[in-house]
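S.K.: Prediction below, plus the sequence it came from.
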Amino acid sequence: MTLAKVSVRDIFPFLGVHAIILINFSFSRKAKAEKSARMLAIVVTKLLRESRTLFEHPY
């Protein structure tokens, strides 16, 4: 029983560190996904503007 308590106490800090790393990793992935979505929205907006310009003023 004492061995189990010592093992849990020894392992718990490492579990906390791993949990923090996983949380940071998930936020990092979310931030990258949001940035990619913003970039895609900018590109689509530019393409729509150009296509509207071409439609209004064909060559």
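M.R.: Thanks, I have it. Keep in mind it's a predicted model, so treat the numbers as computed, not measured. Numbers count the residues shown, from 1 in each chain.

S.K.: what residue ranges in the chain are flagged as low confidence?
M.R.: Low-confidence regions of the chain, defined by pLDDT under 70, span residues 1-17, 54-59.

S.K.: Going along the chain, name the strands of this protein.
M.R.: For the chain, no strands are identified by DSSP state E.

S.K.: So which residues of it form helices?
M.R.: The residue ranges that make up the helices of the chain, judged by DSSP state H, are 2-56.

S.K.: mind checking how far Ala31 is from Asn24?
M.R.: Spatial separation of Ala31 from Asn24 under the definition CB to CB, to the nearest Å is 10 Å. All C-beta atoms are positioned from the backbone trio N, CA, C, and that covers glycine.

S.K.: do Ala33 as well
M.R.: For Ala33, the distance to Asn24 (CB to CB) stands at 15 Å.

S.K.: And Ile42, by the same measure?
M.R.: Here the criterion is CB to CB. By it, Ile42 lies 27 Å from Asn24.

S.K.: again, but for Ser51
M.R.: Distance from Ser51 to Asn24, by CB to CB: 41 Å.

S.K.: same thing with Arg52?
M.R.: Here the criterion is CB to CB. By it, Arg52 lies 42 Å from Asn24.

S.K.: Mind exporting the C-alpha coordinates of stretch 22-32 to PDB?
M.R.: Only the C-alpha atoms of stretch 22-32 are listed here, as PDB (Å, rounded to 0.1, in the frame of the first residue of the first chain):
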ATOM      1  CA  LEU A  22      -1.500  18.100 -24.600                       C
ATOM      2  CA  ILE A  23      -3.600  21.200 -23.800                       C
ATOM      3  CA  ASN A  24      -1.000  23.500 -25.400                       C
ATOM      4  CA  PHE A  25      -0.800  21.300 -28.400                       C
ATOM      5  CA  SER A  26      -4.600  21.300 -28.900                       C
ATOM      6  CA  PHE A  27      -4.700  25.100 -28.600                       C
ATOM      7  CA  SER A  28      -1.800  25.400 -31.100                       C
ATOM      8  CA  ARG A  29      -3.600  23.200 -33.600                       C
ATOM      9  CA  LYS A  30      -6.800  25.200 -33.100                       C
ATOM     10  CA  ALA A  31      -5.000  28.500 -33.600                       C
ATOM     11  CA  LYS A  32      -3.400  27.100 -36.800                       C
END
